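>>> Could you work out the structure for the sequence below:
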Amino acid sequence: MRKELKRFKGFTLKNMPREEFFAPGHRACQGCGTVLPVRLALKALGPDTIAVSATGCIEIISSPFPYTSWRVPWIHVAFENSASVASGIEAALKVLKRKGRFPKRKKVNIVVFAGDGATFDIGLQFLSGALERGHNLIYICLDNEAYMNTGVQRSAATPYGAHTTTSPAGKVIKGQVTWKKNLPAIVAAHNIPYVATANPAFYLDLMNKVKKASLIEGPCYIHVFSVCPTGWGCKPEDVIKVAKLAVETRVFPLYEVIDGKYILNRKVDKPKPVEEYLKLQRRFRHLTPEQIEYIQKRVNEEYEKLVKLCECFPAS
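The predicted structure follows:
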């Protein structure tokens, strides 16, 4: 266990921060599954935080001039370069501290919020560079599995079989034909101190992972499952239900990678059928029983690979 985490007790319902650093009154769609993890992450990080966000839903809904939902310093940057800008902020703070223009012992959290398009695709090389250079920042990917802000186009995060405007379900090709890129594994291959997956349906787990990342020196990456009722075609009131089912069906496992050591946070020994997750979303309504069986097989295989990987590391 890292020394920074040894004294970490974690958030509970009793000690959860009450302050809100992402204001209500934003313009997100009803039931938006992206706003909730942003709100929870900022509660965990507190007021001494500088947020950077790439172009995307979270930027559009939080900053219609002259209003803002951000109660911490926030900068909106281009689609691709949020990790680079966060790196520059971190470097600038070091210079200010060295010159005595900022308190040396004051801890400031630098956090990036970016969608899957800005992370899996357009911004991947910028993220890789920031990780390789070892900047002390937290990168949070809000993964809603497509380019939702510009009209629900497929991304490298779009799951197999999903209907989007650029992977339409037709008579011959039935939705997305490739499998979702395993980005947490790609990030972990950079040998950074901390990688985690999180889900707002398990909100204390999410907040605790964000807080852990803030305690660790060096680049940290958190991959957050973000349900999009508009793009996925699920009911707004079912967003948390869908998010929870993603874990209970093994579609989205919850785990951490601390200094290269894989830790499964929530083992699902008796999973629910993947079909229960798929049937709540219109983007999958065209799937045949054969396709669902194919997806189920793949989900089980990937989950067992993860379990075996975690078993390679002894419990601390």
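>>> okay, and for the chain, where does confidence drop off?
Applying pLDDT under 70 to the chain flags the ranges 1, 316.
>>> please redo it, this time with the cut-off set to 90
For the chain, residues meeting the criterion pLDDT under 90 lie at 1-9, 25, 65, 171, 313-316.
>>> Hmm, residue 179 and residue 160 touching each other?
Yes. Taking Cβ atoms under 8 Å as the definition, residue 160 is a contact partner of residue 179 at 5.0 Å. All C-beta atoms are positioned from the backbone trio N, CA, C, and that covers glycine.
>>> Between these two, point out the one with more neighbours.
residue 160 (18 against 14; other Cβ atoms under 10 Å).
>>> residue contacts, that one?
By Cβ atoms under 8 Å, 6 or more residues apart in numbering, residue 160 lies in contact with 175, 176, 177, 178, 179, 180, 295, 298.
>>> so which of those residues is the most crowded?
Compared across the contacts of residue 160, residue 176 has the highest neighbour count, 23 neighbours, by other Cβ under 10 Å.
>>> Now that it has come up, it's in contact with residue 156, right?
No. Between residue 176 and residue 156 no contact is recorded; they are 10.2 Å apart, counting by Cβ under 8 Å.
>>> Number of residues surrounding residue 267?
For residue 267, the neighbour count with other Cβ under 10 Å is 13.
>>> Surely it and residue 304 touch.
No. Taking contacts as Cβ under 8 Å, residue 267 lies outside contact range of residue 304: 11.5 Å.
>>> Output whichever strand or helix holds residue 204 in CSV with nothing but the alpha carbons.
Using DSSP states H and E, residue 204 maps to helix 203-215. Extracted C-alpha coordinates of helix 203-215, given in CSV (Å, rounded to 0.1, in the frame of the first residue of the first chain):
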residue,chain,number,x,y,z
TYR,A,203,-21.0,7.0,-5.3
LEU,A,204,-18.9,6.5,-2.2
ASP,A,205,-16.5,4.2,-4.1
LEU,A,206,-16.3,7.0,-6.8
MET,A,207,-15.6,9.7,-4.2
ASN,A,208,-13.1,7.6,-2.4
LYS,A,209,-11.2,6.9,-5.6
VAL,A,210,-11.0,10.6,-6.5
LYS,A,211,-9.8,11.4,-3.0
LYS,A,212,-7.1,8.7,-3.2
ALA,A,213,-6.0,10.2,-6.5
SER,A,214,-5.6,13.6,-4.8
LEU,A,215,-3.4,12.1,-2.1
